[in-house]
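*Asks:* following is a predicted model, sequence given first.
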Amino acid sequence: MNIQWFPGHMAKTRKLLAENLKLVDVVIELLDARIPLSSKNPEIDLIVGSKRRIAALNKADLADEKISREWARLYNSKGYTVIFIDSIKGTGINQLKSNLRDLMKDKLERDRLKGRLFTPIRTMVVGIPNVGKSSFINKIAGKASAITGDKPGVTRGKQWIRLNEEIDMLDTPGILWPKFDDENVALNLAFTGAIKDEIIDTTEIAASLMERLAKIYPAKLMERFKLVTLEKQTGDMLLRTAGKNRGCIVTGGEIDLQRISVIVLDEFRGGKIGRITLERPDGR
């Protein structure tokens with residue numbers, strides 16, 4: 001399976017990030033807590049360079065809490081502070097604001113001594129498509145200030161947002177990188193919706209997801225789709241059984257693979273199968 005998606009506006013976004021970097025104090029890199037490695041755009045490091053940065057793992061409410069703690073220990077052991085964010089409930093937002101103030105403590109103090117008492121921290125939020133940037137901004141601002149959507153690529157241009165008297169934020173479009181060298185990374189991005197469903201074979205992706213979940217979360221998969229056994233079952237076979245159990249049948253008794261594929265992907269992305277993390281620090 002060869003999954004690639006790098007539309008023209010993403011190339012423009014790379015240029016936009018580089019051009020606006022000098023305008024901001026801190027870059028907030030938003031990652032997906034379910035795929036901390038695959039959701040990290042390697043080009044962001046090249047663009048951001050030595051600029052102050054905070055890594056925030058969004059959608060923590062959908063991720064496996066035990067594995068998230070493992071990721072936190074790994075980051076902490078390397079001297080990084082990791083923040084797990086739930087943009088729906090607001091978990092982690094206050095911690096993020098506190099970390100921003102700590103990072104900019106020296107500059108804020110210098111501004112205070114010069115009589116500038118209310119100089120906002122200028123931030124830029126970056127991340128891959130569909131990582132939840134707009135929902136994150138709306139939650140941190142306390143109002144619907146950014147365009148939101150459940151499909152990747154909703155935000156197409158930069159927009160400055162005054163979150164409060166302390167923070168200004170530059171929202172930017174989601175950006176991937178031109179070529180996925182690792183098929184597992186490409187699959188993880190497809191599973192979580194970072195790549196548009198319209199340009200991939202959803203049936204093949206759903207079958208691959210079933211096969212992956214059968215290995216790492218067998219009990220949750222069996223319970224959700226009423227599967228009797230996973231032994232010697234390919235992803236396609238599991239998908240067909242799930243389709244039969246859910247009544248996804250077309251004329252002639254054939255399984256409606258497209259319909260069950262959409263159901264599987266939607267239920268995984270919505271957390272209905274359970275809290276799932278596809279990547280672990282130990283690589284398992």
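*Replies:* Structure's in. What do you need?
*Asks:* every contact and neighbour count from this point should use C-alpha atoms.
*Replies:* Will do.
*Asks:* let me know the pLDDT of residue 41.
*Replies:* As predicted, residue 41 sits at a pLDDT of 84.
*Asks:* same thing with residue 126?
*Replies:* As predicted, residue 126 sits at a pLDDT of 87.
*Asks:* assumed it was part of a helix.
*Replies:* No: Residue 126: not assigned to a helix; according to DSSP: H, G, I helix; E, B strand; the rest coil it is strand.
*Asks:* how close does it sit to residue 234?
*Replies:* 37 Å (C-alpha to C-alpha, to the nearest Å).
*Asks:* among the two, which residue is more densely surrounded?
*Replies:* Legend: neighbour count by other C-alpha atoms under 10 Å for residue 126 and residue 234, higher for residue 126 (23 against 15).
*Asks:* that one contacts residue 30, correct?
*Replies:* Yes: using C-alpha atoms under 8 Å, residue 126 is in contact with residue 30, at 6.1 Å.
*Asks:* which helices and strands sit right next to the lengthiest helix in the chain?
*Replies:* When the chain is scanned for its longest helix (criterion: DSSP state H), the result is helix 202-216. In terms of contacts (3 or more C-alpha pairs under 8 Å, 6 or more residues apart in numbering; DSSP states H and E), helix 202-216 is packed against helix 183-192, helix 218-225, helix 235-245, helix 257-269.
*Asks:* of all these, which one is nearest residue 86?
*Replies:* Comparing the helices and strands packed on helix 202-216 against residue 86 with C-alpha to C-alpha, the closest turns out to be helix 257-269 (14.3 Å).
*Asks:* restrict the closest one to CA atoms and write it as CSV.
*Replies:* Extracted C-alpha coordinates of helix 257-269, given in CSV (Å, rounded to 0.1, in the frame of the first residue of the first chain):
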residue,chain,number,x,y,z
LEU,A,257,-17.4,-3.8,2.9
GLN,A,258,-17.5,0.0,2.2
ARG,A,259,-20.2,0.5,4.9
ILE,A,260,-18.5,-1.6,7.6
SER,A,261,-15.1,0.0,6.8
VAL,A,262,-16.5,3.5,7.4
ILE,A,263,-18.1,2.2,10.7
VAL,A,264,-14.8,0.7,11.9
LEU,A,265,-12.8,3.8,11.1
ASP,A,266,-15.4,6.2,12.6
GLU,A,267,-15.7,4.1,15.8
PHE,A,268,-11.9,3.9,16.2
ARG,A,269,-11.5,7.7,15.7
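*Asks:* how far out from the middle of the chain is that helix?
*Replies:* Helix 257-269 has its C-alpha centroid displaced from the chain centroid by 19 Å (C-alpha atoms, centre = their mean, to the nearest Å).
*Asks:* can you report how many residues lie near residue 106?
*Replies:* 11.
*Asks:* same question but for residue 61, I mixed them up
*Replies:* The number of residues packed near residue 61 is 19, by other C-alpha under 10 Å.
*Asks:* could you check the angle helix 257-269 makes with the longest helix of the chain?
*Replies:* Between helix 202-216 and helix 257-269, the angle comes out at 50 degrees (axes from the mean of the first three to the mean of the last three C-alpha atoms, to 10 degrees).
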